[in-house]
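Novice: I would like the atomic coordinates for the input below:
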Amino acid sequence: MIGREKEIAILHKAYTSDKPELIAVIGRRRVGKTFLIRQFFEKKMDFEMTGLKDGNKEQQLRNFIYSLRDAQKSHELPDVPKDWLAAFYELKNHLESLKSKKKKVVFIDELPWVATAKSDFLTGFSYFWNSYASKNNIVVVICGSATAWMIQKIINNKGGLHNRVTRRILLQPFTLAETEAYFKSRKIRLDRYQLLLLYMTMGGIPHYLDQVEGGKSAVQNIDDICFHPQGLLRSEFDNLYSSLFLNPERYELIVNVLSSTWLGMSRADILAKSKLKDGGGFTRMLKELEQSGFITSYTPFGKKKKNRLYRLTDNYSLFYLKYIRDIPPDESGNWKELSQTQSWKSWSAYAFENICLQHIDNIKKALSIGGMHTRHRSFLVKATDTHKGAQIDLLIDRNDNTISLCEVKFYNDEWALTKEEADKLRQKRRVLQEATKTKKQIFLVLISTFNLTPNQHSIGLIDNVINMNDLFVL
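Specialist: A predicted model of the protein is given here:
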């Protein structure tokens, strides 16, 4: 298995502990939750059920009894339970009938698909945990792609499951280093620039990366996976949001609005452009999108919390809305041509900046401040009659009374600073000092794909240089 060391350690501790365990595993669709659980508990599973997407209560109960029959290795089909209390009573009887003294393992996958509002599933599950599993040598693993639902209904449950979860795992996409290791395990040889191109398109989602074929460039693979009518990521967008949210069109509307700007948008601006109604429902949608890893909120440097901005940061959603969405269903796109346009050059700069934010710990390590308390954010000052404006991609506000002002450049070769670019960097530094009145030392950092070619414009100006290799460090 690639990566997942921390998650495997959590599962190992749960399985070897001397107490019952209820583990909640959450993470977005296709990130590898089920694979992780099945790999770790490969021959230890005593019961496993996967919820049915859009299944009604009767279908879910039949699915449960079929799963129970499989676990019992029985050819007889028991009667379908009338409700979830009866269903979990049957599961209790099955577990009690097992003669092995080893820790028993129960795995319920895609829990949100089963535990719908009128199903009473959580009533039955609460009974099972509180009256039986919590008193016996059992590990119960519950899993769901609807991250926000899992947090609200399970982890923050106010009823019978309140504070019952003993361990939780939030499974994240692969980092760049894990993505590289994954392809090496599949004997696919791609250099790091090619890997960056793929990561911009699909992020570190293992199931998406599984579509990549060896012997093809990143451009060729993106063409096949994203632009061919039968490519997985050609139609994944609607499936992705509908699998996670009720009324997914409203969430897609927010994401679509955020895709129109790279600077981030305020809550008020999102409301105005989306034409959604203000209130608790809108607040909940923003929170759920953020919990699910699609958007990120932040307070710009020098601003107050009320000035919080939201950005779309999911790699695949960004790419889909920019390049795939408007292609007619029966037509193929041509990424070989699109990837040479000025539009892509501008978009790739933002996509690379997004990757840098996702690997901020690597950047801190490269700056030798890995263990230091920092805050990272962007900075934007609009020009007025009295001062010039400036937009800074990334600021790292450090606890050693300094600020790393990062300039992010995506380029297919080494970067040589021009006089005009050097003047712009000096201006950014000056505007930051004047607008914030900061007394902190400001270091200029260049983050680029390849190295900086030193010249008369960069010497004495650029304090630190970080290239893509630093982003691939484990």
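
Novice: Tell me who's in contact with Gln358.
Specialist: For Gln358, the contacting residues are 175, 313, taking CB atoms under 8 Å, 6 or more residues apart in numbering as the criterion. Quick note: C-beta positions are derived from backbone N, CA and C, even for glycine.

Novice: Where do the domain boundaries of this protein fall?
Specialist: Per the record's domain assignment (automatic domain parsing), the chain is made up of the domains 5-170, 175-358, 360-471.

Novice: What I need now is the ones you listed written out in a markdown table, including mean pLDDT for each item.
Specialist: As requested, the domains of the chain are exported to a markdown table (pLDDT from 0 to 100):
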| stretch | mean pLDDT |
| --- | --- |
| domain 5-170 | 93 |
| domain 175-358 | 93 |
| domain 360-471 | 93 |
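
Novice: Tell me which helix or strand Ser454 sits in.
Specialist: Quick fix: residue 454 reads Pro, not Ser. Secondary structure assigned from DSSP states H and E places Pro454 in neither a helix nor a strand.

Novice: what's around it, how many residues?
Specialist: The burial metric for Pro454, expressed as a neighbour count using other CB atoms under 10 Å, is 12.

Novice: I'd like the numbering to begin with 19 instead of 1 from here.
Specialist: Got it, first residue is 19 now, which makes that one Pro472.

Novice: Check the gap between it and Ile55 for me.
Specialist: Taking CB to CB, to the nearest Å as the measure, Pro472 falls 50 Å from Ile55.

Novice: Backbone dihedrals for the residue nearest to the spatial centre of the chain, please?
Specialist: In the chain, the residue lying closest to the centroid (CA atoms, centre = their mean) is Gly311, at 4.1 Å. Note on Gly311: its backbone torsions stand at phi 90, psi 10 [degrees, to the nearest 10].

Novice: now it, nearest residue through space, not along the chain?
Specialist: Of all residues beyond its chain neighbours, the one nearest Gly311 is Arg46 (5.5 Å), with distances taken as CB to CB, 6 or more residues apart in numbering.

Novice: right, and that neighbour touches Glu306 too?
Specialist: No - taking contact to mean CB atoms under 8 Å, the distance of 11.7 Å between Arg46 and Glu306 leaves them out of contact.

Novice: Return every residue with contacts to both of these two.
Specialist: For the pair Arg46 and Glu306, residues contacting each of them under the criterion CB under 8 Å, 6+ apart are Thr165.

Novice: These two: who's more crowded?
Specialist: Regarding Arg46 and Glu306, a neighbour count based on other CB under 10 Å identifies Arg46 as having more, with 24 against 20.

Novice: Contact partners for that one?
Specialist: The contact partners of Arg46, taken as CB under 8 Å, 6+ apart, are 163, 165, 191, 223, 258, 262, 310-312.

Novice: same check, this time on Gln459
Specialist: Counting by CB under 8 Å, 6+ apart, Gln459 has contacts 419-421.

Novice: Quick check: bridge partners of it?
Specialist: Note on Gln459: beta-bridge partners Thr420, judged by DSSP bridges.

Novice: where's it relative to Ile387, distance?
Specialist: For Gln459, the distance to Ile387 - CB to CB - is 13 Å.

Novice: try Thr141
Specialist: Taking CB to CB as the criterion, Thr141 is separated from Ile387 by 50 Å.

Novice: try Lys75
Specialist: Looking at Lys75 against Ile387, where the rule is CB to CB, the gap reads 54 Å.

Novice: Let me see the ranges of the strands in this structure.
Specialist: For the chain, strands defined by DSSP state E occupy the ranges 39-44, 65-68, 122-127, 156-162, 185-188, 283-284, 313-316, 327-330, 392-399, 408-416, 420-427, 459-466, 482-484.

Novice: now what about the shortest one, what contacts it?
Specialist: So that's strand 283-284. Where contact means CB under 8 Å, 6+ apart, the residues beyond strand 283-284 that reach it are 275-276, 291, 325-329.

Novice: Then the fourth one?
Specialist: Contacts made with strand 156-162 from outside it, assessed by CB under 8 Å, 6+ apart, are listed as 32-33, 38-44, 51-52, 55, 59, 113, 121-131, 147, 150-151, 168, 172.

Novice: one more time with 6 Å
Specialist: In this structure, residues lying in contact with strand 156-162 by CB atoms under 6 Å, 6 or more residues apart in numbering are 32-33, 38-43, 51, 55, 121-130, 151, 168.
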